[in-house]
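*Asks:* Any chance you can model this:
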Amino acid sequence: FDRIQFETFLRNTELSEQQYITQLRGDLIRNQLVGTLNAGVKAPSTLVDRFYRYNGERRTAEIVIIDAGSLTDIGVPDEAQAGAFFEANRKSFEMPEFRSGVLASLTPESLAEEIGISDAEIAAAYDARKDQFSEPERRELESSLFESRETAAKALERIRAGESFDAVVKEVAGLPPVKLGLVAEGGTPLEEIGKAAFALAAAGVSEPFETPFGWTLVRVSAIQPGIEKSLTDVRDQIRNALALERAHNTIFDVLQAFEDSLAGGATLEAAASENGMKPRAIGPVSAAGSAPDGATVVNIDREIATTLFSTQAGELSRVVERRDGGFFALRVDDIRAPAIPRLSEIREKVVAAWGEKERRVKAEKLANEIIEQARTSGSLTAAAAKAGFTARTTEPFDRVGNGADLPIEAVAPVFEARSGGVVQAATATGAVVARLVEIVPAPANAPEINQLRGAIAQSISTDLQIQLVEALRTRHKVEVDSAGLKRMFSVQ
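*Replies:* Numbering: from 1, shown residues only. Predicted structure coming up:
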C-alpha cells in the first residue's frame, strides 16, 4: 500500500478518505448483490436448444433470377400512357432547389503557380536535399554463424570449390542461412555484416569475419545499383515544392488582405481581383452538387455547396478557411425554388421511368408464371427453361444469406417454405423464384452451443438486473435534481 499515491488519488477525485471508504463499501455491497443474481442464472437447455437449432439451420435452394433490365420488349408509352404515368408520379419528378452565385477562392496550389522561384534557390535546395533525390545501392544478403574461424574458413573453401552455399552452411553450421533480404549498407542487423557484404566487388561470399555473436559468412546474391538524380532531373519537382512551401507561408497574408477589402466595402469581385484571385460564376447547382440535367457539377465540393445553401439570396457568405490552408467566400445571386417541370421538358426521363416500372411488372409476372409452371410440372429447371431463364442450385445458407450467392430478398421466403415449396420475391433488379431443395439441420455438439448458452445466460442476467433496478425505483422514490446537476457541471 502506497499512502502517498492513495492521498494523491483522493485529491484528484476530490474525495475525503471517509467518503472513499463509504463509496467503496457501497460498491462491494452492490457487486455482491449483482453477483448473487448472476451466480444463480443458467440458460434453460430447452431454450438454448431451440435457439441453436433455429439459428444454426441452413437451407439449399434452386433459384431463378429474373433481371428486369434484360426485358426489352415492353414497347414505348403513347402520349396518354406517358401523361397518366407522369400525373400519378409527379412528386418523383420534382426538381430540387438550385442556386447560382459567384465564388472567390484560393488554394496553396493555385497560389504556388504564381510564385517565381529562381535557379539559385533551386540549386541551393538541391544541395540541401540531395539525399532525397538518390537511392543507395542495395544487396540481396544471406548470412550464417559458425562456431569458429576455422569452421567458417572450411565452409568457404567448399563453397568456392563449387558446392551449394545453402547445403554447406546447413551441414557445417547446423542451420540454414538467414535471409536478410534486399538491404542498403546501413540496413543490416549488424554493422559488421554490412561492411563485409558491401566490401565485395561483385556478388559472392565474403571472407570469415567476427561479430558479437561469432564468426560469420555473408553471401551477396544480387546487387541493385544506387540511383542519384541530377539537378536537371528534379528541377521541376524542387521548383513546385519550394513554391508550395512559400504559398503555405504567404496565403494567410492574402486571406487577411482579402477580408480587409471586404470589410472596407469592396464587392466580392473587387476584393478578389485586388488580391490576385479570379472570381467565377457557379451554378445552377443543387445541394447535392448536381446540375439541372443531373450531371455532377465539377469544382463545387460539399463545403462550397453547404455554404451556398446556408447563405441568403443577395448576401455574401463568411470567409471559410479550409483544412488544406486555402479559403473561399461566395455570394448567392439566384435561388430557383423546387418545381415540377412540364412533361414536355422531361419526356425522356418519364419514358425511362415508365419503362423501368413496366419491366419490373413484367419480371413479377414472369416469376408468377414460372411458379405456376413449376408447381404443375414439378420441375423448376424445366419451368425456367421454358420461360428463357436458367435455374441453379445454391450452397447451403443461413437465415441472413451467409454461405451462398443469392438475392437477400429470397432468404426469408425460402426459410418460410416447406420442403419442395416454390416461392418468389421482388429484388432490387427484378425478381427471384426459389424452390426449397434441402433443410440442413444445425450440427450437433458444435462449439457455438456453449457460446450461445453463455450469451443467453448473460441476457437473462441483464434482464433480472433491470427488473431489480425498476423494482427498487418503484419502492424507493428517487428524485433527480436536474437543475442542480446542470449547475454543478456547467462551465462558469
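
*Asks:* since we're on the closest residue to Leu200 other than its chain neighbours, how many residues are nearby?
*Replies:* Using C-beta to C-beta, 6 or more residues apart in numbering and skipping residues adjacent in sequence, the residue nearest Leu200 is Val220, 5.4 Å away. In short, each C-beta sits where N, CA and C put it, glycine included. Val220 has 20 neighbours, counted by other C-beta atoms under 10 Å.

*Asks:* If you count contacts, what does the helix or strand containing Val220 end up packed against?
*Replies:* According to DSSP states H and E, Val220 maps onto strand 214-224. For strand 214-224, the packing partners by 3 or more C-beta pairs under 8 Å, 6 or more residues apart in numbering; DSSP states H and E come out as strand 138-146, helix 149-160, helix 191-199, strand 204-205, strand 209-211.

*Asks:* between the ones you listed, which gets nearest to Trp354?
*Replies:* Trp354 lies closest to strand 138-146 among the helices and strands packed on strand 214-224, at 65.1 Å (C-beta to C-beta).

*Asks:* Show the average pLDDT along the closest one.
*Replies:* What strand 138-146 shows for mean pLDDT is 94.

*Asks:* so what strands line up beside it?
*Replies:* Sheet partners assigned to strand 138-146 using DSSP bridges are listed as strand 178-183 (antiparallel), strand 214-224 (antiparallel).

*Asks:* residues in contact with the strand holding Val220?
*Replies:* 137-149, 151-152, 155-156, 165, 169, 177, 182, 192-193, 196-197, 200, 202-206, 208-210 (C-beta atoms under 8 Å, 6 or more residues apart in numbering).

*Asks:* Using PDB, list the CA coordinates for it.
*Replies:* Written as PDB, here are the backbone C-alpha positions of strand 214-224 (Å, rounded to 0.1, in the frame of the first residue of the first chain):
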ATOM      1  CA  GLY A 214      30.600 -15.300 -33.500                       C
ATOM      2  CA  TRP A 215      32.300 -15.900 -36.800                       C
ATOM      3  CA  THR A 216      30.100 -15.200 -39.900                       C
ATOM      4  CA  LEU A 217      29.900 -15.600 -43.600                       C
ATOM      5  CA  VAL A 218      27.700 -13.400 -45.700                       C
ATOM      6  CA  ARG A 219      26.700 -14.100 -49.300                       C
ATOM      7  CA  VAL A 220      25.700 -11.400 -51.800                       C
ATOM      8  CA  SER A 221      23.400 -13.000 -54.400                       C
ATOM      9  CA  ALA A 222      22.300  -9.800 -56.200                       C
ATOM     10  CA  ILE A 223      23.200  -6.200 -56.400                       C
ATOM     11  CA  GLN A 224      20.800  -3.300 -57.100                       C
END
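
*Asks:* pLDDT on that strand, on average?
*Replies:* On average, strand 214-224 scores 94.

*Asks:* for stretch 301-320, same thing?
*Replies:* On average, stretch 301-320 scores 95.

*Asks:* Just the buried residues of it, please?
*Replies:* Ile304, Ala305, Thr307, Leu308, Thr311, Leu316, Ser317 (16 or more other C-beta atoms under 10 Å).

*Asks:* For the second one, give me its contacts.
*Replies:* What that stands for is Ala305. Shown in contact with Ala305 (C-beta under 8 Å, 6+ apart): Val285, Ser286, Ala287, Ala288, Gly289.

*Asks:* got it, and Arg99?
*Replies:* Gly283, Pro284, Val285, Leu308, Phe309, Val332, Asp334, Ile335, Arg336.

*Asks:* picking up where we left off before, ok, the contacts of Ala305 vs Asn55, which is closest?
*Replies:* Nearest to Asn55, judged by C-beta to C-beta, of the contacts of Ala305 is Ala288 at 40.7 Å.

*Asks:* Pass me the low-pLDDT residue ranges in the stretch 251-400 of the chain, would you?
*Replies:* Counting by pLDDT under 70, the stretch 251-400 of the chain contains no low-confidence segment.
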